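Chemist: Give the three-dimensional model of this entry:
(chains A, B, C and D)
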Protein chains: 2
Amino acid sequence: MSLITLFSQAAPGALKLDRSSLKNQSTELLRTYIVSGRIPPGTKLAERELADLLGISRMPARDALMDLEREGLVVSKPNGRYVIEVSKEDVQNLLQVRLELEKLAVTLAAQHTCPAYRAALETNLQQMRKAIQQNDRNAYIKSDLEAHELIWQQAHNPYLLKMLHSIMGPIFMFIASHTEFQTNWHETLQMHEALASAISVGDAARAVKSIEEQLENSRQLSLRIFV
Amino acid sequence: MSLITLFSQAAPGALKLDRSSLKNQSTELLRTYIVSGRIPPGTKLAERELADLLGISRMPARDALMDLEREGLVVSKPNGRYVIEVSKEDVQNLLQVRLELEKLAVTLAAQHTCPAYRAALETNLQQMRKAIQQNDRNAYIKSDLEAHELIWQQAHNPYLLKMLHSIMGPIFMFIASHTEFQTNWHETLQMHEALASAISVGDAARAVKSIEEQLENSRQLSLRIFV
DNA sequence: ATGCCGTATATGGTATACCATATACGGCAT
DNA sequence: ATGCCGTATATGGTATACCATATACGGCAT
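Modeler: Residues are numbered from 1 along each chain as shown, chains lettered A, B, ... in the order given. Have a look, this model is predicted:
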């Protein structure tokens, strides 16, 4: 009996191997844990300790830490590396830069609209509505992020995409560490709908206005947080 | 006789040690060589070869290459790492992002103007005038970069500063690889004077207009280059 | 009790050996 | 002559040992 036959009933990917290097697996794992707050700000990240925890040698652990350091999620001090602590002021600075990058992104996305992209944005909005209906916070956050990701892709500027990715980590960390940072889902949905519609009809000016509203909203929320 | 006495006549720093790690020294050296074009685009950068060249082991060489990869000056392919090749299209994308970041920077800088900053900008302009008078291309480029660096610092946003730094590497590579990319020095000086003056009087709108002109100028020049 | 000093300890940095994998290349079968 | 196949080679990935340095900490002199 062939292997194919043996596993024909198994879930796809049941035998999937980790083709990615230990370094990249470590980076992704750590990033997820840090951004979500499961590894809290200020935590010390020693190479040896991390390597033991992951059951690997110091080198891939070290590589991962250096990646996260370049990404801005980890800082080096003379006596070790630590998870960054994002202050209120940091978030203001981050959002300030993000706003300009997002404005450029929606402008470019509006210029590149096409049926396939419009469909993708619409599908995303449906997911967001479904998440709200089911009161599923995780699904909501996921679709929120995906909406932005879609737009960033549509902008067709790889450098812009890279910068937007890199700036989101610390921002999400801050949000994660303040669960009281509660957005009004319906309001956000409306803003997303307005943004998607503006982009889909190629109205850059309206898209920019919409993203400005969204981020101003985030800024106000972050300001209200007591740190 | 004391060491101090022995070296009292020596130039300051005559005994200066390299306190920086081999990794950082390697990164800086490679960056300089790549950005200036002395290591041309497309050059293969093998860890072992680089380590031998620098007389160090593979690890710091590897670390340096990974830093440069993060920085966007080096790319990984399945069979090795290579110096990036910046296309005309890449420069357009880079300048597009840079423009938005610079606009934010000059706006913020204008808000933070103070006597010390005004003096720094004026000193820089004098250096630039001197370089032009002496027809010193290197001094001119240096003062040009320093002008932007001063403004970026005045913006007081560390994330913005980091992004502007990271985006300049590939742009300078492109310029370096096209020596025909000749700017009109007097014209550039005038634009710098206008920009510095706008920032120093806190006129953000005029500063933005000025930086837009400058970068549009760069864009036109880069478009004219035959690749 | 206080303050200094020296050693212990923890940390990142570096060197080196070996492993996994992709590519290159040469010879052999046809 | 052509195309395939297998081995050689080059490359990055990983593990491990040791080094340099900053910090922590405990005991000793005062």
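Chemist: Could I get the buried residue list for the top helix by length along chain A?
Modeler: When chain A is parsed with DSSP state H, its longest helix is helix A:88-111. Residues of helix A:88-111 classed as buried: A:90-91, A:93-110 (neighbour count, 16 or more other CB atoms under 10 Å in any protein chain shown). To be clear about C-beta, it is placed using only N, CA and C from the backbone, and glycine gets the same treatment.
Chemist: got the residues of chain A near DNA strand C?
Modeler: A:44-49, A:58-59, A:62, A:65, A:76, A:79-81 (CB under 7 Å from any atom of the strand).
Chemist: switch the cut-off to 6 Å
Modeler: Residues of chain A that fall close to DNA strand C, judged by CB under 6 Å from any atom of the strand: A:46-48, A:79-81.
Chemist: Export those residues as TSV, with columns for distance to DNA strand D.
Modeler: What follows is these, written out as TSV (distance: CB to the nearest atom of the strand, whole Å):
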residue	distance to DNA strand D
A:46	12
A:47	9
A:48	9
A:79	4
A:80	9
A:81	13
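Chemist: Could you export these as a markdown table, including distance to residue B:149, neighbour count and secondary structure?
Modeler: A markdown table is the format used below for the residues of chain A next to DNA strand C (distance: CB to CB, whole Å; neighbours: other CB atoms under 10 Å in any protein chain shown; DSSP: H, G, I helix; E, B strand; the rest coil):
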| residue | distance to residue B:149 | neighbour count | secondary structure |
| --- | --- | --- | --- |
| A:46 | 35 | 16 | coil |
| A:47 | 33 | 19 | helix |
| A:48 | 38 | 11 | helix |
| A:79 | 31 | 8 | coil |
| A:80 | 31 | 12 | strand |
| A:81 | 28 | 19 | strand |
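Chemist: near chain B too, which of those residues?
Modeler: Near chain B, taking CB under 8 Å from any CB of the partner chain as the test, no member of the residues of chain A next to DNA strand C is found.
Chemist: farthest pair in the residues you listed?
Modeler: Farthest-apart pair in the residues of chain A next to DNA strand C is A:48 and A:79; separation 13.8 Å (CB to CB).
Chemist: Need the three-state assignment for the closest residue in space to residue A:183 that isn't next to it in sequence.
Modeler: Among residues not flanking residue A:183 along the chain, residue A:221 sits closest, at 6.7 Å (CB to CB, 6 or more residues apart in numbering or on different chains). Following DSSP: H, G, I helix; E, B strand; the rest coil, we place residue A:221 in the helix state.
Chemist: so how far is residue B:90 from residue A:221?
Modeler: Distance, residue A:221 to residue B:90, by CB to CB, to the nearest Å: 37 Å.
Chemist: coming back round to it: quick check: what element follows the longest helix of chain A along the chain?
Modeler: helix A:115-133 (DSSP states H and E).
Chemist: hmm, who's touching that next one?
Modeler: A:109, A:137, A:139-140, A:142-144, A:146-147, A:150-151, A:154, A:185-186, A:189, A:192-193, A:196, A:199-200 (CB atoms under 8 Å, 6 or more residues apart in numbering or on different chains).
Chemist: Repeat the analysis, applying 7 Å as the threshold.
Modeler: By CB atoms under 7 Å, 6 or more residues apart in numbering or on different chains, the list of residues contacting helix A:115-133 from outside reads A:139-140, A:143-144, A:146-147, A:150, A:154, A:185-186, A:189, A:192-193, A:196, A:199-200.
Chemist: next one: stretch A:183-190
Modeler: Stretch A:183-190 is contacted from outside by A:128-129, A:132, A:140, A:221, using CB under 7 Å, 6+ apart.
Chemist: related to what we said a few turns ago, between the residues of chain A next to DNA strand C, which is nearest residue B:177?
Modeler: residue A:81 (36.5 Å).
Chemist: State the pLDDT value of that closest one.
Modeler: Residue A:81 carries a pLDDT value of 96.
Chemist: and it, bridged to which residues?
Modeler: residue A:45, residue A:76 (DSSP bridges).
Chemist: Pretty sure it sits against residue A:65.
Modeler: Yes: using CB atoms under 7 Å, residue A:81 is in contact with residue A:65, at 5.5 Å.
Chemist: so what sits against both of the two?
Modeler: With CB under 7 Å, 6+ apart as the test, residue A:81 and residue A:65 both reach A:45, A:74.
Chemist: any idea how far residue A:21 lies from DNA strand D?
Modeler: 4 Å (CB to the nearest atom of the strand, to the nearest Å).
Chemist: who's in contact with the spatially closest residue to that residue that is not a sequence neighbour?
Modeler: Nearest residue to residue A:21, sequence neighbours excluded (CB to CB, 6+ apart): residue A:60, at 6.9 Å. Taking CB under 7 Å, 6+ apart, we find residue A:60 in contact with A:21-23, A:26.
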